[in-house]
Every structure is written in structure tokens, then in C-alpha cells.
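Novice: Pasting the sequence and the predicted coordinates here, then a few questions.
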Amino acid sequence: MQFGFFLESLEELDMSLKKLNSSVEVFEGNFSELRKYIDENYPQSKIHVNHTTDTSYFRNNFSDFKKHFDLNERILIYSDFGVQTGDVNRDKWAFEWNKLMKKNLLDIPKPNIKSSHIGLTTVLEFKNKFKSDKKTTFQSGGSSKAYELLNSFLMDRSHGYSRNMSSPIEAETSCSRLSPHISFGTISIREIYQKLEAFYPFSNNKSDLNSFRKRLYWHCHFIQKLETEPELEYCSMHRMCDNLREKENKELIEKWITGQTGYPFMDACIKYLRENGWINFRMRAMIMSFASYNLWQPWQLTSPLLAELFVDYEPGIHIPQVQMQSGVTGINLPRIYSVTKQSRDQDADGIWIKKIIPSLEGLDPDEIHDANLNGSYIPKIVDHKESSKFARDKIWAARKGQEFKTIARSVYLKHGSRKRRSA
Ligand SMILES: Cc1cc2nc3c(=O)[nH]c(=O)nc-3n(C[C@H](O)[C@H](O)[C@H](O)COP(=O)(O)OP(=O)(O)OC[C@H]3O[C@@H](n4cnc5c(N)ncnc54)[C@H](O)[C@@H]3O)c2cc1C
């Protein structure tokens, strides 16, 4: 699903480059093979790379590649988004972010004078190697799609964004839906920011656009956490929280991720996500909260399963968000979402739930919200009230001691959000 989006984006980039007498060619192999290939075939070349914050698998391999070409100053690394590498000063972070967002965008490259075909795999050849079974319900890749989404959002769809973003029904069209494009780089945060600023004075939806601008900032603020502390891929931000959930239950996890919890709203959200490769923030938070609090499962096991379902998967947002919704950061107040309350708030008449789970047709909405379906639906895998109480007691008991508070303070100094200052 994610690879399909990437291939479509690559294809469009290739077509655009062809107009400039250039093209995309694909090298297949790992970083040390690529290093060897460049050394043998292009010993004088410069290497231009976009920096991305990633999981340790790519990070470690890339780090050796970078070191090798750094030695003779052949590698130029461009920072993606507003994420800062090297020594980060959290107190000046917001200032630097604002400064970067206001910097001029790069011009479109000039056409190549000479043909640049170097004999690697063309995009078409590369694409044909993979069987495409992409569902039409998944978002499509390519910069043109990103611009269409941004324009329609600024001009029209942002009306009511701040309110509608909480509902899985409204959010589908009211949110920008730019996330996979930002994750795969078909549009940059800086370009979105600058188009937003240019349009803002003419908009009738200023408060909605303010909420949107805040989220562009959060995007980089979250990724910065993984960049600053790559260990977060495996360890809780507050290390004492790693001992909280030691036992795993594979059967419970399997039922959760396939939408068979017995709670119709929860199951509908998972099924919707599986069908569309996307769901809104509030429901992502509820899905994660259910796994970590109600099922009491270690986030390290559930997080990758959820990541696989998002077209927009971005480890720098996903992992810190998963940790936040699991109550293991030490610096955010734990929030246990009530599935029954969300079900009532977001789909009072149960129409959306019934559309996704047609077997519930004819059943009373109240019984659907409370998951009191007495044999008319699959049994609940956990009691919501009891499990929420168990989780609340455990989490708050862990947070009580002085040692917890001392560590939480150092987590705040490393990762905590400060008041925003403009450049
Ligand atoms: C458990 C969990 C996992 C998540 N995993 C991802 C992920 O893998 N990739 C991802 O892009 N987002 C993730 N999010 C954040 C958020 O849900 C999505 O960014 C958002 O739903 C994408 O839809 P949109 O582009 O229409 O968002 P909009 O509301 O239109 O927001 C615009 C952009 O702002 C950024 N943004 C919005 N909300 C947040 C947030 N809370 N934190 C950080 N950045 C934000 C995103 O880049 C988004 O594309 C996760 C949230 C949770 C709770």
C-alpha cells in the first residue's frame, strides 16, 4: 500500500523530469552496494540527499554511507521539514522552525544540456516488477494530487475543519488529507506553509486555518523526538514505563488489529482504516488507547501492526504518538478514550457503523454504542469499564513516586514543547 503510493509518486516525478531532459533511474541494493557503485562509476560526482528521520534499520546504514562521502566533502544533505539535526536547542526550536518555513523555496531545476541516461533501471521497468493490487479507496501519489488537495482545502474544504476533524465521517473530506504526500515528499511542509500564509488574508476560515498551521508545526515537533532520541523506536520516553506491560496476548492483539473486539465502533474504525489506509487523528488515538489501556498490551508490539495500515506512515510521528496514547511519555497526562462515548459522540444514530458492519442493521443504536448486543454480534474481548479502571490505577500508581517525577523532568527538557516564538 505504501509502496504503491511511492511508485505512483516516482512515476510522476519521472514524467516531470523528462520535460527537463532528465529522468529518474533506480538503483536496487543496500547503502554499501550503492556506495561501491558510485565509487566505481562516478568517483568525482556530488551526492545530493534529503535528510529523513527514520527507523534504525535505515538510519544506521545511511550513517556509514554519509561518513564515507563526508570525508572528501562530496555529500550535500538537505534538511527535510523543520527537523533539526546535530545539537538541538529546544528553547530556540520554534524560532528556528519559523525561520526555515519563511526561507525561499528552491527554483525548478534548469533543463539538462546533455542526456543523462546512466543505464540503471527506468521507473517503468522498476514499476513493472511489482504486481499492483492497490485498492481504489487508497490515496494516490504524485505532486499534482498534493497540489489539488492543498488548493481544495484552502479554498473550500477547510470550512469547519477544527470541529469536523474529530469525526471519522466528516474528517474524510474536512481534513487536508496531505499526510501521505508529506510523508513521501511529493510536497514539503515549507511549501504548504507558504501557500497557506499567502492565502490566509483572503480566507473566511481563519480560525480553521490557524488550527491547520499549528499541525504543520506539530508534524516537525513530533519527528524531532525520534531524531533526537532514536532509542524511542524501542524504549518508552519515560524508561520506567517499560516495565508496566510485560505480558503479551497474541490472540487479543490479533482481534484488535482485525476489528473483532466486539465493540462495534472500534471494529468499524479498524475496518474503515483497513479499507482506506487512513483514519482521522481522534480515532487513531482511540484505537491505540484501546490496545494499550484496555487490552494492556506493550506498545512495542502493537505499534508496527498499526503502522502497516497507514498509507501516510511516518515513524517520527507514529512512534511518539503511539507512546503518548499509551501513557508512557511521562510528560503528557494519560488519556483513556471511552469507546462507548466516542461511538455516541461521533455516530449517534449508528448509521456509519451499520454501513461498515451491515450485520448490525436493525439493531438499536444505544445497544450498539454500549456493545450490549447479547449474541447479535461477536462477544466483547474485554470489559471496557473494568479494564479502564485497572489501567488508570496502574498508570497513576507508577506516576506517583519522586523518581518518576525526576525522570519526567529530564524527558521534558529533552522533548517537551516550549512556547512558540516567531522568527
Ligand atoms: C497513534 C497515532 C499514529 C499516527 N501516525 C501517523 C503517521 O504515521 N503519519 C502521519 O502523518 N500522522 C500520524 N498521526 C497523526 C495524525 O493522525 C495524522 O497526521 C492525520 O490524521 C493525517 O491526516 P491529514 O493530513 O488530513 O491531517 P490534517 O489535520 O489536515 O493535518 C495536516 C498535517 O499536519 C500534521 N499533523 C496533523 N496532526 C498531527 C499530530 N497530531 N501530530 C503530528 N503531526 C500532525 C500531518 O503532517 C498532517 O498531514 C498519528 C496519530 C496517532 C494518534
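Specialist: Perfect, I can see it now.
Novice: Of all residues in the chain, which one is nearest the centre?
Specialist: With distances taken as Cα atoms, centre = their mean, residue 314 lies nearest the centre of the chain, 3.9 Å away.
Novice: Name the nearest residue to that one, ignoring sequence neighbours.
Specialist: residue 183 (4.4 Å; Cβ to Cβ, 6 or more residues apart in numbering). The way it works is simple: take the backbone N, C-alpha and C, and place the C-beta from them, glycine included.
Novice: After the host helix or strand of the one you found, which helix or strand is next?
Specialist: Per DSSP states H and E, residue 183 falls inside helix 179-184. Sequence-wise, the next helix or strand downstream of helix 179-184 (DSSP H and E) is helix 189-199.
Novice: Tell me who's in contact with the residue lying closest to residue 265 once chain neighbours are set aside.
Specialist: Counting by Cβ to Cβ, 6+ apart, residue 343 is the residue found nearest to residue 265 once chain neighbours are left out, at 3.5 Å. Residues near residue 343 by Cβ atoms under 8 Å, 6 or more residues apart in numbering: 263-265, 350, 353, 368-369.
Novice: if I look at the residue nearest to the centre of the chain, how far off is residue 322?
Specialist: Remark: distance between residue 314 and residue 322 (Cβ to Cβ, to the nearest Å) = 12 Å.
Novice: repeat for residue 255
Specialist: According to Cβ to Cβ, residue 255 stands 19 Å off from residue 322.
Novice: Those two: which is more packed in?
Specialist: More crowded of residue 255 and residue 322, by other Cβ atoms under 10 Å: residue 322, with 23 against 19.
Novice: Enumerate the residues of this protein near the ligand.
Specialist: 165, 175-179, 182-183, 215-216, 218-219, 222, 280-281, 284-285, 288, 310, 312-314, 317-318, 321-322, 325 (Cβ under 6 Å from any ligand atom).
Novice: related to what we said a few turns ago, just the buried positions in the host helix or strand of the residue nearest to residue 265, please.
Specialist: With elements taken from DSSP H and E, the one containing residue 343 is helix 339-346. Using 16 or more other Cβ atoms under 10 Å as the test for burial, helix 339-346 gives 339-340, 342-344, 346.
Novice: Identify the residue spatially nearest to residue 20, adjacent ones excluded.
Specialist: residue 111 (4.4 Å).
Novice: how many neighbours does the one you found have?
Specialist: By other Cβ under 10 Å, 10 other residues sit near residue 111.
Novice: repeat for the one 3 residues further on
Specialist: Residues lying near residue 114 (other Cβ under 10 Å) number 6.
Novice: And it, how far from the ligand?
Specialist: The spacing between residue 114 and the ligand, counted by Cβ to the nearest ligand atom, to the nearest Å, is 38 Å.
Novice: mind checking pLDDT for that residue?
Specialist: On pLDDT, residue 114 comes in at 83.
Novice: mind checking the SS state of it?
Specialist: coil (DSSP: H, G, I helix; E, B strand; the rest coil).
Novice: Please apply the same query to the one 3 residues further on.
Specialist: When the structure is split into helix, strand and coil by three-state DSSP, residue 117 lands in coil.
Novice: Look at it and say how many residues are nearby.
Specialist: Neighbour number of residue 117 under other Cβ under 10 Å is 10.
Novice: Surely it touches residue 23?
Specialist: Yes. Here residue 117 reaches residue 23: they are 6.8 Å apart, a contact under Cβ atoms under 8 Å.
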